[in-house]
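> just need the structure, nothing else, for what follows:
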Amino acid sequence: MDKLRALRYFKRVVELNSFSAVAEEFSVPASSVSRRIKDLEASLGIELIKRTTRHVSITELGQIYYQHIDEILSKLTYADELISQSFDNPSGTLKVSAPPGLSKALLVPLFRRFRQQFPNILLDLDYTNEYALFGKDSVDLAIRGGPIDDARLIAKPLIRSGFTLWAHTQLADRLNTQFGTTNWSVDQLCLCPTIMFRSKTALVPWWVHEQDDWQPVSTQPVLISNDSTTLLDALAQGEGLLLAPDWLLPAHLKSVVTPVAQHLKLSPGKAHTVEINLVYQHAKYQLPNIKLSVDFICDYMRTHAADMVKF
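Numbering: from 1, shown residues only. Below is the predicted model:
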């Protein structure tokens, strides 16, 4: 029995809770994964995993065993990567997770330049609104907004931007005429058609900062989506107001839209600004591919961010 391979299969079955997902990751049949783990169980004389036709569950002894082998296998994988990679000729695969809304606005030109500088590194870009789970998901770097509360992870700020309320110029003119002012009250804002972001679980609300406190804004959605391209198209068609981070709007769209209600301090998250971070595991920074990639991305954003966002 190849015990090391069996241990790696077992570790990933615990983390992914699926034989088929592990088989796909290692490019082997699911029957091979199951057979290796059965051999491992036979050698240990214990049951690690309970199997049914529809469900995989880890036994109590299996959980204990996993806790003991997890760090050992992670260190072994790290050692293999450290030896196999080179600073002079970096190669291999680099998997990056990021929100879809960042791709067109910020990341497409960044990763185009990255591929030009490191042609032997295969980029695997996963644009998703779901947060990557380091250690469980096979991800090397993540680009995401908001604070990071995990001592095992490093978060390097890439950009910090505020939020602007946008409207098509014709819609803005019509609303200014309707309200008789460009300085809309919150009550007047509540009467406006809105284009709203949706997270994985819920509508992203609007908040206004008044008298040193954040208050919810009642909105009148005409469109809800988690896709920024769809939301920007609706904005360009004059369907409603869009509250967006300053880096989201492409330059060509700004010729047909205009900021509105600029005197109001609006935000979708009870904060005046949002910070976009580059996140990676602290223990992996010594790996050439990780260090080179982190340094490249941070340097690129320092050089180009001022052209993309308002700080």
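
> what about the strands in the stretch 51-200 of the chain?
Per DSSP state E, counting those that start in this stretch, the stretch 51-200 of the chain carries strands over the ranges 56-58, 92-98, 121-127, 141-145, 153-161, 163-168, 193-197.

> would TSV of these with mean pLDDT, distance to Ile72 and mean neighbour count be doable?
Just so you know, the C-beta spots here come from the backbone N, C-alpha and C atoms, and that holds for glycine as well. Listed next are those as TSV, based on pLDDT from 0 to 100; distance: least, Cβ to Cβ, whole Å; neighbours: other Cβ atoms under 10 Å:
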stretch	mean pLDDT	distance to Ile72	mean neighbour count
strand 56-58	86	18	15
strand 92-98	90	22	19
strand 121-127	92	26	14
strand 141-145	89	24	21
strand 153-161	88	21	18
strand 163-168	96	46	22
strand 193-197	96	42	21
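
> need these in JSON lines with distance to Pro268, can you?
Below are the strands of the stretch 51-200 of the chain laid out as JSON lines (distance: least, Cβ to Cβ, whole Å):
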{"stretch": "strand 56-58", "distance to Pro268": "38"}
{"stretch": "strand 92-98", "distance to Pro268": "18"}
{"stretch": "strand 121-127", "distance to Pro268": "20"}
{"stretch": "strand 141-145", "distance to Pro268": "10"}
{"stretch": "strand 153-161", "distance to Pro268": "12"}
{"stretch": "strand 163-168", "distance to Pro268": "7"}
{"stretch": "strand 193-197", "distance to Pro268": "7"}
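
> looking at those, which is nearest to Leu278?
Closest to Leu278 of these, according to Cβ to Cβ: strand 153-161, at 4.7 Å.

> for this protein, which segments are assigned as helices?
3-16, 19-26, 30-44, 60-84, 100-102, 108-117, 169-179, 186-189, 228-236, 288-308 (DSSP state H).

> the closest residue to Pro268 other than its chain neighbours: what's it in contact with?
Distances taken as Cβ to Cβ, 6 or more residues apart in numbering put Val204 closest to Pro268, at 4.8 Å, once the chain neighbours are dropped. Neighbour list for Val204: Met196, Phe197, Arg198, Pro268, Gly269 [criterion: Cβ atoms under 8 Å, 6 or more residues apart in numbering].

> so where's the stretch 1-150 of the chain uncertain?
For the stretch 1-150 of the chain, the stretches with pLDDT under 70 are 1, 53, 78, 80-88, 135.

> swap in 50 and give it another go.
The stretch 1-150 of the chain contains no residues with pLDDT under 50.

> thinking again about what came up before, quick one: closest of the strands of the stretch 51-200 of the chain to Asp299.
Among the strands of the stretch 51-200 of the chain, the nearest to Asp299 by Cβ to Cβ is strand 153-161 (10.7 Å).

> show me the contact partners of that closest one.
Contacts of strand 153-161 (Cβ under 8 Å, 6+ apart): 106, 134, 143, 147-148, 245-247, 273-282, 285, 294, 297-298, 301, 305, 308-311.

> now stretch 275-283
74, 78, 102, 106, 134-135, 140-148, 152-161, 247, 290, 294, 297-298.

> which residue is nearest the middle of the chain?
The chain has Ala98 as the residue nearest its centroid, 3.5 Å off, counting by Cα atoms, centre = their mean.

> tell me who's in contact with that residue.
Counting by Cβ under 8 Å, 6+ apart, Ala98 touches Leu107, Leu125, Asp126, Tyr127, Thr128, Ala142, Ile143, Arg144.

> identify the farthest-apart pair in these.
The most widely separated members of the contacts of Ala98, counting by Cβ to Cβ, are Leu125 and Arg144 (13.8 Å).

> just send the contacts of Val204 back as TSV, with distance to Ile121 too.
Below are the contacts of Val204 laid out as TSV (distance: Cβ to Cβ, whole Å):
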residue	distance to Ile121
Met196	38
Phe197	32
Arg198	34
Pro268	35
Gly269	34
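
> just give me the closest of the residues you listed to Ile49.
Arg198 (36.8 Å).

> so the closest one touches Ser225, yeah?
Yes - with contact defined as Cβ atoms under 8 Å, Arg198 reaches Ser225; the gap is 6.3 Å.

> so what's the residue count around Gln286?
When neighbours are defined as other Cβ atoms under 10 Å, Gln286 has 12 of them.
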